[in-house]
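S.K.: model the following, please.
(4 chains)
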Number of protein chains: 4
Amino acid sequence: MHPNIRTDLAVEAKELWAESAPETTALPGVKAEDIKCRGYDVTRVQILNREGERALNKPQGTYVTVELDALIRREEDAFSRGVEAIREQLLPLLGLVKNDSVLVVGLGNRAITPDAIGPVTAKHTLATRHLVEQVPEHFGNFRRVTVVQTGVLGTTGMESAEVVRALASQFRPDRIIAVDALASRKLSRICRTVQISDTGIAPGSGVGNHRAELSRETLGVPVIAVGVPTVVDAGTLAADLLEESGRGQIAPNDFGDFGGGMIVTPKEIDTQVADISKLVGYALNCTLHEGLTVEDVDMLTS
Amino acid sequence: MHPNIRTDLAVEAKELWAESAPETTALPGVKAEDIKCRGYDVTRVQILNREGERALNKPQGTYVTVELDALIRREEDAFSRGVEAIREQLLPLLGLVKNDSVLVVGLGNRAITPDAIGPVTAKHTLATRHLVEQVPEHFGNFRRVTVVQTGVLGTTGMESAEVVRALASQFRPDRIIAVDALASRKLSRICRTVQISDTGIAPGSGVGNHRAELSRETLGVPVIAVGVPTVVDAGTLAADLLEESGRGQIAPNDFGDFGGGMIVTPKEIDTQVADISKLVGYALNCTLHEGLTVEDVDMLTS
Amino acid sequence: MHPNIRTDLAVEAKELWAESAPETTALPGVKAEDIKCRGYDVTRVQILNREGERALNKPQGTYVTVELDALIRREEDAFSRGVEAIREQLLPLLGLVKNDSVLVVGLGNRAITPDAIGPVTAKHTLATRHLVEQVPEHFGNFRRVTVVQTGVLGTTGMESAEVVRALASQFRPDRIIAVDALASRKLSRICRTVQISDTGIAPGSGVGNHRAELSRETLGVPVIAVGVPTVVDAGTLAADLLEESGRGQIAPNDFGDFGGGMIVTPKEIDTQVADISKLVGYALNCTLHEGLTVEDVDMLTS
Amino acid sequence: MHPNIRTDLAVEAKELWAESAPETTALPGVKAEDIKCRGYDVTRVQILNREGERALNKPQGTYVTVELDALIRREEDAFSRGVEAIREQLLPLLGLVKNDSVLVVGLGNRAITPDAIGPVTAKHTLATRHLVEQVPEHFGNFRRVTVVQTGVLGTTGMESAEVVRALASQFRPDRIIAVDALASRKLSRICRTVQISDTGIAPGSGVGNHRAELSRETLGVPVIAVGVPTVVDAGTLAADLLEESGRGQIAPNDFGDFGGGMIVTPKEIDTQVADISKLVGYALNCTLHEGLTVEDVDMLTS
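M.R.: Modelled structure (predicted):
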């Protein structure tokens, strides 16, 4: 893999590997397949062993990418088909049984538009634990779901990972779903892709610096990550552009402090984050509560 | 004490007792004194034993009330004198020693203006734990402070008290300061009074329903409560008015569902909550970090 | 009519008149009828002449009230039936023809929860003027709609009515729809009623002080008012309670400054305002753009 | 000047000209000087005639840049010195006489962090017109100031320039101050510079697409622009980087859709926008109202 090219997407890590070794056809320790789901392109990358981990620089596990171009084009039924596509990919990775409870964590900084995927998704996710426990006669068919926005280190003094550990310890959920903004390598994937994985959140680039590890190892419970790329690291983009333009290779770090703290994002990032966070929130609701429809969620939220 | 008159202020509970027993002069088990502090009227009520608890319907401990009329009138220096007055009253109740860490909890619902005292105060409170630990050469003289807004049961599925218990267990602060909106009996006290007590937050009326007990008993660490009355319970107000107008006594519950979920609040509640939350936040900062001034806080926040 | 009982609802003004003259059956200059619309109770009060104006203390015109209890109970289809009911009542009062343009005005203070009906409704209302003019091939079937939140005198220095006059003069809409929070007399109507009238907004109590007249007289274009009661004036409530409890009559002003700036509102005002503002916003969209459905609006907003 | 290099800063336009003609020393039709003001570096560029306009691709007038590095480093007194430096540069460009009224316009989209300079500055700017007119005995020494956030075309259907024209026509201010986010060419200037000019806002790149001309020609009243660079156009940055790295020249448009709608911004853009918007707001208050101090503004805002 190219050094210094930053991406949180397994599908891009695989592309980078292919670029670096064009003559090789099989990537050792990695299995990949492309399918269609509800009209959307879905790619499933499985990292099977240590060899695959080294090749893609990501932990062992399954990474599913759903490409949501139809949503951006606001095609007929795109929203409900998107909800269904995410649900179908998320459900097997969650592996829930009846009465399992779930903690949904919205990571990121609401005040920075491209980092707000987690908080805005959390806002669209129904918290039901108190209803199931207090009004079982009406909400007995719902799963117990708790929802938290962990906030920002600068305003809380607490790392997101520490907050989640505290809540996991207190509420003992059977699964944790962590929603976060990601960095991709390509502008064309920004706000057009959802990545679902069963590996938790690994420390990485992301948008903010809030990404201490959230995983089964650190939390004692399976952590499913749902991520949406909203930025490209500025150094990564510049390096990519140089190479594409045939002007030779350059490492992002060559640009000095440029690659350090700068991100590239679309001008219309506000509506794109709003749209895709709503989609992910609705998809979580329909995945977690059997039989719940998009119309039901509309009625239960405002 | 009058049945059904709801107040979170010890100073009002004492007034009510006096009204119900006009011929008696000494309230058993209760000690009270009025002082001046930085030009503000301060009342200190101490509930000394079970007899006092029964008389005032509040747990044993110290309750200090600072009356902030000068702030509302935007008098010269009112803000900095108010910060200083709260600091002087709060400091002995906290009883901090060097290196003690503090968790500040903003209780309440930001989306309901009179319930937003906790969240808005939290916004003005500096989180410093990460700075002290990561950059001790610059922040070594600061106290380690963490800040949390517990959010609302309806959107998280978790009781505030449970969230605080989880964080106290994880971060092991030496003190907890819980900031909340209160219900008073009299309109004239709304947004003009701060009550500080060392008894924690007892389940009570408040504005919302988020007031499960936060106390040394439930959390294992001293809990100092800082409260600001922002509403009067509608039933309480009506009962009071009837009596004052000489038309006989009536219990709030007589008004049916009227007393249940209704609150009385001023029309300009937004600016009043903004003003007094800023004061309380600044007072917390100046209390927790020795030598910090109002000007310093201005520079450290935006 | 009782002196000093404050209500913005014509249906309540009529009740008050009936209470003050129980032996009389016909109210001169006023016509009223009760109907059912999409399962909701609808009352239509018409003030026909000066005699009716004096009796109800409201300007001549039509006032339609839709009672939305089913929405609060979250009954099946309550939302879409509510949208349809408001649409059917609003359409004849608007009297639009093809290509007429509309300015939707959200009045009130977003920072005060019960005063936020106007701003939150505005947020749910689609602005289309620029799309119709710039991309007619896609949006040619939409009506040209502009949307404004006039803000608050304290933060702008401009009266809402002046801002609307400026915009009306610049954009020359064929109709103005002004959405605002109202004061009702009865707690049971809070967030359960929508009043639609063709008389504009008359100076009155409301929640804030932002209600200088918006009418055909002041703006030169028909002004349809859509209002939702979110508060009861505290003095009005107390007077009503006293009388109901058989303790004699009292004027709100007798309570001194109590009646002046105090409002009574439910504790759960945040979700109620969110729910009913969404309903009104969707109803405006479906009224203004022929053939638009609730599902379409879902897809066009986030 | 380089084709396709986008900058809203006159000081950068001058740099670009110098780079394109290194052997030439005098730029025709342009006068420039560097001074120190309250410890800050200030550059004043005057475009004197058509020749200067063509060279720098900006309209005739004065452009003053204040470099605010000390603020970012949170130096002692940096805030109050910054307020004073902006005041001293702004005052002669405004040329106000007693009783002149001013309309302050916050341009941009609050929901996109780097575009929020205008709205957040507006929030810190005191609206006083209603106070001066209604309570002259207390506010007689204040200038009449109105403040507006024009909102976003997508949510209002109205261009910002049209809204300002409507308000200028209604309220007849003697001056308009338009505050907006700008695009710079260099990352090192982001949130470290304020540009003040007497030429109004010219159509340009900026962050959003909200920059139809606001000028004396279109509004009939002098328009002073206050701008803060918060982004670099992604294509501009890439072209600059390529050239710096000695790999030859490339036009931003060569990168296809990359240069189109993408912006580069720092990860900590939220706190930087908050800090500098507060500075600009305070500077406006201290400039517009004679004798007002930073402490006064603290007390008058929350």
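
S.K.: which intervals of the stretch 51-200 of chain A have sub-threshold pLDDT?
M.R.: Under the criterion pLDDT under 70, no range of the stretch 51-200 of chain A is flagged.

S.K.: what parts of it come near chain D?
M.R.: A:109, A:111-113, A:154, A:187 (CB under 8 Å from any CB of the partner chain). Glycine gets a C-beta too; all of them are placed from N, C-alpha and C.

S.K.: and residue A:94, how many neighbours?
M.R.: Neighbourhood size, residue A:94 [other CB atoms under 10 Å in any protein chain shown]: 17.

S.K.: so what's it up against?
M.R.: Shown in contact with residue A:94 (CB atoms under 8 Å, 6 or more residues apart in numbering or on different chains): A:102, A:175, A:177, A:224, A:287.

S.K.: I'd say the second one and residue A:105 touch.
M.R.: No: if you go by CB atoms under 8 Å, residue A:175 and residue A:105 don't touch, sitting 11.0 Å apart.

S.K.: could the residues of the stretch 51-200 of chain A next to chain D go into JSON lines alongside distance to residue A:59, neighbour count and secondary structure?
M.R.: Formatted as JSON lines, those follow (distance: CB to CB, whole Å; neighbours: other CB atoms under 10 Å in any protein chain shown; DSSP: H, G, I helix; E, B strand; the rest coil):
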{"residue": "A:109", "distance to residue A:59": "25", "neighbour count": "28", "secondary structure": "coil"}
{"residue": "A:111", "distance to residue A:59": "30", "neighbour count": "18", "secondary structure": "coil"}
{"residue": "A:112", "distance to residue A:59": "27", "neighbour count": "28", "secondary structure": "coil"}
{"residue": "A:113", "distance to residue A:59": "29", "neighbour count": "30", "secondary structure": "helix"}
{"residue": "A:154", "distance to residue A:59": "28", "neighbour count": "18", "secondary structure": "helix"}
{"residue": "A:187", "distance to residue A:59": "26", "neighbour count": "23", "secondary structure": "helix"}
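
S.K.: ok, and which of these reach chain B?
M.R.: residue A:154.

S.K.: among the residues of the stretch 51-200 of chain A next to chain D, which two are most distant?
M.R.: Across those, the longest distance by CB to CB is 28.1 Å; it joins A:154 and A:187.

S.K.: helices of chain A, start to end?
M.R.: A:10-20, A:50-56, A:69-72, A:78-94, A:117-124, A:129-134, A:136-139, A:153-156, A:160-171, A:216-219, A:234-244, A:257-261, A:269-288, A:294-300 (DSSP state H).

S.K.: from chain D, how far out is residue A:196?
M.R.: Separation of residue A:196 from chain D (CB to the nearest CB, to the nearest Å): 25 Å.

S.K.: would you list the phi and psi of residue A:116?
M.R.: Per-residue torsions, residue A:116: phi -90, psi 10 (degrees, to the nearest 10).

S.K.: residues from the stretch 51-200 of chain A in reach of chain B?
M.R.: Counting by CB under 8 Å from any CB, the stretch 51-200 of chain A sits next to chain B at A:123, A:127-131, A:144-149, A:151, A:153-159, A:162-163, A:165-167, A:169-171.

S.K.: returning to that earlier point: what about residue A:175 and residue A:105, which has more around it?
M.R.: residue A:105 (29 against 19).

S.K.: doesn't residue A:214 make contact with the more buried one?
M.R.: Yes: counting by CB under 8 Å, residue A:105 touches residue A:214, with 7.3 Å between them.

S.K.: nice, that's everything, thank you.
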